[in-house]
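In: output the structure for:
(one chain, ligands or ions: 1)
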Amino acid sequence: MPPVSSSTPESPGRSRPVVSNQSGPHPGLAARIARCRAHVHRRPLPAHARAPLAILDAAIAAHAGPVVLDSGCGTGESSLALAAQHPAALVIGIDKSAARLARAARLPPHPRVRFVRTRLEDAWRHARAEAWPVAAHYLLYPNPWPKQHQLARRWHAQAAFADLIALGGRLEMRTNWAVYAAEFALALGYWGGPEATVETLPPGAPLSAFERKYRASGHALYRVAAVIPRSFAEFG
Ligand SMILES: C[S@@+](CC[C@H](N)C(=O)[O-])C[C@H]1O[C@@H](n2cnc3c(N)ncnc32)[C@H](O)[C@@H]1O
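Out: Sure thing, here's the model as predicted:
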């Protein structure tokens, strides 16, 4: 069952706003993150993730410049837009969905954009271990998992968030659910990360397919951005 109350960006019609039985940050957020921080899970990288990530290691070495991550890139439009916004960077779009990445593969090829099919948890852990030079990291419209009991599925309430923070760079998360934005900003602090505030995204050209759909449906959109210093690379 899709975790979000909206339709896919490819489907016609208006997207419904997120419906939740939570009206503010989850009361158990701080405790959940404290538990994650106390028991950092270090499962080995699954065998199927190693080859595609090793190909990226080689591409990053050949590029010899900054990397921009588009985590959960979906159909990939945002990765191309980010390549235009970051002219010195190699942009890596990561998603676990074969169907969405098949659409990304039909976009005009860009010499500085790579797509990889893998789980974000694995990509972040590998990128951290290999010290990828991440200058910027975009998490655009992550699945909100809006029911209160789904807290543990949200990225900021998962152990993998420690790896995301350790990658450093300028982190930007966008969402159409105000509660997710508020929680994400709070969570950065609970994880020991930098302070961040929630902004309403000003009008502008959509960066991704979901952003286009949400804008067309009249949703308010939110952004949480923070610069994570390199000193967080040793983050535990
Ligand atoms: C709501 S869509 C947003 C897609 C795109 N960022 C956009 O704004 O159009 C969330 C995306 O995250 C991907 N995703 C969710 N969990 C993931 C995971 N654990 N690893 C990799 N991708 C994941 C989904 O496949 C989906 O494409």
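In: longest helix of the chain?
Out: Longest helix of the chain, by residue count under DSSP state H: helix 47-63.
In: who touches that helix?
Out: With contacts defined as Cβ atoms under 8 Å, 6 or more residues apart in numbering, helix 47-63 is touched by 45, 67, 90, 92, 112, 114, 116-119, 122-123, 126, 130, 132-133. To be clear about C-beta, it is placed using only N, CA and C from the backbone, and glycine gets the same treatment.
In: among those, which one lies nearest to residue 149?
Out: Nearest to residue 149 out of the contacts of helix 47-63 is residue 119 (Cβ to Cβ; 22.3 Å).
In: name the nearest residue to that closest one, sequence neighbours excluded.
Out: Once flanking residues are discounted, residue 119 sits nearest to residue 96: 5.2 Å by Cβ to Cβ, 6 or more residues apart in numbering.
In: buried subset of the contacts of helix 47-63?
Out: Among the contacts of helix 47-63, the ones that count as buried by 16 or more other Cβ atoms under 10 Å are 45, 67, 90, 92, 112, 114, 116-119, 122-123, 126, 132-133.
In: need the max-distance pair from those residues.
Out: 45 and 112 (25.3 Å).
In: the ligand: which of the contacts of helix 47-63 is nearest?
Out: In terms of Cβ to the nearest ligand atom, no member of the contacts of helix 47-63 lies closer to the ligand than residue 119, at 4.1 Å.
In: for that closest one, grab phi and psi.
Out: Backbone torsions for residue 119, taken as degrees, to the nearest 10, come to phi -80, psi 140.
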